[in-house]
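Participant: Give me a 3D structure for the following:
(chains A and B)
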Number of protein chains: 2
Amino acid sequence: MVVSKQALSQATIKRIPVYYRTVKDLQQTGEKRVRSDRLSKLVHIAPATIRRDFSNFGDLGRSGYGYSVDLLAQVFGELLEVHSEEQMALVGCGNLGRALLTNNFRRNPDLSITMGFDTDPQLIGTTIAGVPIYDLAALSEKLRPSMHTAIVCVPSSAQAAVVRQLEAQNVTAILTFAPKPVPAKPTTTIRYIDLTSELQALLFVDHQKQVKRVSQG
Amino acid sequence: MVVSKQALSQATIKRIPVYYRTVKDLQQTGEKRVRSDRLSKLVHIAPATIRRDFSNFGDLGRSGYGYSVDLLAQVFGELLEVHSEEQMALVGCGNLGRALLTNNFRRNPDLSITMGFDTDPQLIGTTIAGVPIYDLAALSEKLRPSMHTAIVCVPSSAQAAVVRQLEAQNVTAILTFAPKPVPAKPTTTIRYIDLTSELQALLFVDHQKQVKRVSQG
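Facilitator: Take a look at the predicted model:
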């Protein structure tokens, strides 16, 4: 199997987990081949985009005959390294943090939040959905050296300080719901989930669609 | 001002709210001009991507001299139509729904969830963060005809039925946290927030970065 080492675009990287999940679903229903037009309907991504993305990964099947479902699952699985278990810390255990702890990425058994941190004395020392909540001030003691991933659900005003604290403990991967970009080391990867922007983008696309509909009368 | 009517790419559309927010921040600090390299550092998007995106919107400033902050704010504001207030319904008021109700898009005063729906008798008839929660079975009575946007926080298994119910009430824009695509009318726009995929994509990028770091010794 040839997996190109060339840098993938951010957009392609974001689609890989979507492809992976869908291909795993197909695998479970016993399908052996899938064509880009079929896959397009399942993942809601244009067939040309799918073919372009897949071309990064060498020969995954014959044109017109479809891609090998097993090979796709193997390639994307290796790319995403879902075989390695990832234990994560959550910083900020308010409403959103609580929702994440309760769900705790159940869809992927290799991903789990195993400890939470907060500054609220009411939360420190408790457990939420079985996960212990520690004092954020004790991060350096409690965080295991093997943990390099954190999810951050703190107010925007607290985010820069929390990122610095996490970096001091060698956390390199941070998923955050405070959308304002903060300074970080070049070796740190921060992924911002911006729900307001997602909503605005949705309304924008919807508006364009409705205008087109009205103008087509 | 010229705003091209050509179809924008999904990737560009998603970046517009990010640009908008940053440009509004610059406006508030009194800045008049911003260059793509400076903006790039603020939004964490490559300068070439910014210039390509902005080229969709006609003449926004002179090369080398920077873009007009006021003009950018105006163009993106009009595109996003943030002037029109959007009242939204929330379906599914469990942990995640509760987190959204409590935050309720405070960053943008034009966006607000004004009613919630659930099937849990313990929740029906209560209010969360001042928002009334109704029985999902009463959706057709309670949803105002002017509301065409909904946020869905229900389990994946319930999602297809909820989307059908919302479509029956002429809801056309749906933001959902159940990432499995469901059938929808062509006139409906669904935006899926997939936290597991976001996390996997983050870990993938982080892993690539750490491998590169180690191999560079």
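Participant: when you scan the longest helix anywhere in chain A, is anything in it near chain B?
Facilitator: Using DSSP state H to define each element, chain A has its longest helix at helix A:195-215. Yes: using Cβ under 8 Å from any Cβ of the partner chain, helix A:195-215 reaches chain B at A:195-207, A:209-210, A:213. C-beta here means a position set from N, CA and C on the backbone, and glycine is covered the same way.
Participant: Okay, and the beta partners of A:Ala150?
Facilitator: A:Ala89, A:Ile174 (DSSP bridges).
Participant: Tell me if I'm right that it and A:Ala89 touch.
Facilitator: Yes: contact status for A:Ala150 versus A:Ala89: in contact at 4.6 Å, counting by Cβ atoms under 8 Å.
Participant: These two: which is more packed in?
Facilitator: The neighbour comparison of A:Ala150 against A:Ala89 (other Cβ atoms under 10 Å in any protein chain shown) goes to A:Ala150, with 28 against 25.
Participant: Quickly note the distance from that one to A:Val171.
Facilitator: Using Cβ to Cβ, to the nearest Å, A:Ala150 is found at 5 Å from A:Val171.
Participant: Of the residues of helix A:195-215 next to chain B - the most surrounded one?
Facilitator: Busiest of those [other Cβ under 10 Å] is A:Gln200, holding 28 neighbours.
Participant: give the contact list for it.
Facilitator: Residues in contact with A:Gln200, defined by Cβ atoms under 8 Å, 6 or more residues apart in numbering or on different chains, are B:Ile16, B:Pro17, B:Tyr20, B:Leu80, B:Val82, B:Asn108, B:Leu111.
Participant: is it fair to say A:Thr187 lies in a strand?
Facilitator: No: under DSSP: H, G, I helix; E, B strand; the rest coil, A:Thr187 sits outside any strand and is assigned coil.
Participant: re earlier: of the residues of helix A:195-215 next to chain B, closest to B:Leu60?
Facilitator: Closest approach between the residues of helix A:195-215 next to chain B and B:Leu60, by Cβ to Cβ: A:Phe204, at 18.0 Å.
Participant: shouldn't the closest one be in contact with B:Ile13?
Facilitator: Yes: using Cβ under 8 Å, A:Phe204 makes contact with B:Ile13 at a distance of 6.0 Å.
Participant: Model confidence score at the residue nearest to A:Tyr192 when sequence neighbours are not counted, please.
Facilitator: Nearest residue to A:Tyr192 in three dimensions, chain neighbours excluded: A:Pro179, at 5.0 Å (Cβ to Cβ, 6 or more residues apart in numbering or on different chains). Per-residue confidence (pLDDT) for A:Pro179: 80.
Participant: A:Pro179 against A:Glu198, yeah?
Facilitator: No: between A:Pro179 and A:Glu198 there is no contact under Cβ under 8 Å: 9.7 Å.
Participant: does A:Gln122 count as helix, strand or coil?
Facilitator: coil.
Participant: can you count the residues close to it?
Facilitator: A:Gln122 has 8 nearby residues by other Cβ under 10 Å.
Participant: swap in the one 10 residues further on?
Facilitator: Close neighbours of A:Pro132, defined as other Cβ under 10 Å, add up to 14.
Participant: secondary structure element for A:Glu167?
Facilitator: helix A:156-168 (DSSP states H and E).
Participant: Please disregard the earlier target; I meant A:Arg52.
Facilitator: Short version, using DSSP H and E: A:Arg52 is in helix A:47-54.
Participant: quick one: contacts of that helix?
Facilitator: A:Thr12, A:Arg15, A:Ile16, A:Tyr19, A:Ser36, A:Asp37, A:Leu39, A:Ser40, A:Val43, A:Leu60, A:Tyr67, A:Leu72.
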